[in-house]
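Q: mind looking at a prediction? Sequence and model below.
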Amino acid sequence: MHLRPPTVLILASGRGERFVASGGRGPKLQALLGDKTVLQHTLDAVRRSALPWHLEDSGHPGMGDSIAAAVRATTQAKGWLILPADLPLIQSNTLLRVAAALQDHDVVVPTYQGQRGHPVGFSARCAAALCQLSGERGAAGIVREFAALELAVHDAGCVSDIDTVDDLRKVEGLLRST
């Protein structure tokens, strides 16, 4: 029997205020990283994973609202991998490992060198709780409630998000070193 994989929810609704405040010109997801935008790098990794995906880019007031909207837009999914769009170095293998771990766990959090990262995986059992999220807070309460599996990965990209121009420079350095 072939199980249907979870859907990757790419969250691209944020306003990127910290990026602009740090000197960034325009939206951080449109900032160039090498020859592609930050968002394009993230989308390319998701596409390489061959997992189904949904881009949530409608303006929402907070992370919780974005997650709830994306889950409601993909109600037929068998689970979700919540991936902020500002993680351009995420490896497709990390997405696949989190998806596989969801077969046996309700919540899966990848960790890199002890630091929690993304995407956080949620089984279909978490749907109602995810749909009730709102505001700035994400799904940390659900992660605690379901006693998440921490899955060690060898992927600095799962913790290398871009919030400021300095973050973009650091990620550029990581990209050049790979």
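A: Thanks, I have the structure now. Since this is a predicted model, take the numbers as computed values, not measurements. Numbering: from 1, shown residues only.
Q: going forward, measure contacts between C-alpha atoms and count neighbours the same way
A: Fine.
Q: what does the helix or strand of the chain with the lowest mean pLDDT contact?
A: Least confident helix or strand, the chain: helix 17-21 with a mean of 82, by mean pLDDT, DSSP states H and E. The contact list for helix 17-21 (CA atoms under 8 Å, 6 or more residues apart in numbering) reads 26-28, 162-165.
Q: so where's the chain uncertain?
A: Along the chain, segments meeting pLDDT under 70 span 1-3, 15, 178.
Q: which stretches of it form helices?
A: Taking DSSP state H, the helices of the chain run over residues 17-21, 38-49, 63-73, 92-101, 127-131, 140-145, 165-177.
Q: can you lay out the ones you listed as JSON lines showing distance to residue 116 and mean neighbour count?
A: Output for the helices of the chain, formatted as JSON lines (distance: least, CA to CA, whole Å; neighbours: other CA atoms under 10 Å):
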{"stretch": "helix 17-21", "distance to residue 116": "21", "mean neighbour count": "16"}
{"stretch": "helix 38-49", "distance to residue 116": "18", "mean neighbour count": "19"}
{"stretch": "helix 63-73", "distance to residue 116": "17", "mean neighbour count": "21"}
{"stretch": "helix 92-101", "distance to residue 116": "13", "mean neighbour count": "21"}
{"stretch": "helix 127-131", "distance to residue 116": "19", "mean neighbour count": "17"}
{"stretch": "helix 140-145", "distance to residue 116": "11", "mean neighbour count": "13"}
{"stretch": "helix 165-177", "distance to residue 116": "17", "mean neighbour count": "15"}
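Q: looking at those, which is nearest to residue 121?
A: Closest to residue 121 of these is helix 92-101 (CA to CA; 6.2 Å).
Q: got the angle between that closest one and helix 38-49?
A: Angle between the axes of helix 92-101 and helix 38-49 is 60 degrees (criterion: axes from the mean of the first three to the mean of the last three CA atoms, to 10 degrees).
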